[in-house]
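Colleague: Only the shape, not the letters, is given here:
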């Protein structure tokens, strides 16, 4: 058994894949082995997420096909939640209990671009922790959005797949306008804070 606190620091920064790369658009494989190799991946993912200033990161984004994501994200009450979710499934409210909120959403695999997207403001995510124990996370606010966004990644979906053609076109245009700030190996190489042409 290893503690979560031993996994949130000390990893290597990995390159984050971009939309269009194969790993981001293929479904993941169920994790059945909870060993040191898995823990090394989790540690690297936490370190990479922090370097990229993200609130969540899925395995597909670091070119790994195991079904897991990490998160460091506030809920609707600004309480920070930190964890690993392996083999997740998300349950969303239905009918009269379903409340959609449209807020700006972004993705570390399309850095610099954001678009409004309506999602339920409540989600329950069930799966396993880094030791293989069953866990349940109840998400509100940004955490609910994060749980949905990262679970989508594990089925080969990016949030742009949920947008209209027009919204997706604007999203790509916003990304292209800032793409020069993000090196191909970002966040291994940090983004450029200033435009050298300015």
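Modeller: Yep, that arrived. Note that the coordinates shown come from a computational prediction; the quantities given were computed from them, not determined experimentally. Numbers count the residues shown, from 1 in each chain.
Colleague: hey, where'd the helices end up in the protein?
Modeller: All helices of the chain, identified by DSSP state H, fall at 36-51, 141-154, 165-178.
Colleague: could you dump the ones you listed to TSV with distance to residue 16 and mean pLDDT?
Modeller: Any C-beta I mention is one placed from the backbone N, CA and C, and that applies to glycine too. Formatted as TSV, the helices of the chain follow (distance: least, Cβ to Cβ, whole Å; pLDDT from 0 to 100):
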stretch	distance to residue 16	mean pLDDT
helix 36-51	7	98
helix 141-154	11	98
helix 165-178	13	97
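Colleague: Among those helices, show me which one is buried the most.
Modeller: For the helices of the chain, the largest average neighbour count (mean count of other Cβ atoms under 10 Å) is found in helix 141-154, namely a mean of 23.
Colleague: mind listing the strands for this structure?
Modeller: Along the chain, counting by DSSP state E, strands occupy 56-58, 68-74, 80-91, 100-106, 114-120, 122-128, 134-140.
Colleague: Nearest approach to residue 14 belongs to which of these?
Modeller: Minimum separation from residue 14 across the strands of the chain (Cβ to Cβ) falls at strand 56-58, 9.2 Å.
Colleague: What strands flank the closest one, and is each parallel or antiparallel?
Modeller: Strands adjacent to strand 56-58 in the sheet, as given by DSSP bridges, are strand 68-74 (antiparallel).
Colleague: which parts of the strand it pairs with are buried?
Modeller: If you call a residue buried by 16 or more other Cβ atoms under 10 Å, then strand 68-74 has these buried ones: 68, 69, 70, 71, 72, 73.
Colleague: Would you mind finding the most buried of the strands of the chain?
Modeller: Most buried of the strands of the chain by mean neighbour count (mean count of other Cβ under 10 Å) is strand 56-58; its value is a mean of 27.
Colleague: so what pLDDT did residue 1 get?
Modeller: Model confidence at residue 1, given as pLDDT, is 89.
Colleague: How about it, nearest residue that isn't a chain neighbour?
Modeller: Nearest non-adjacent residue to residue 1, counting by Cβ to Cβ, 6 or more residues apart in numbering: residue 131, 5.3 Å away.
Colleague: Good, wrapping up.
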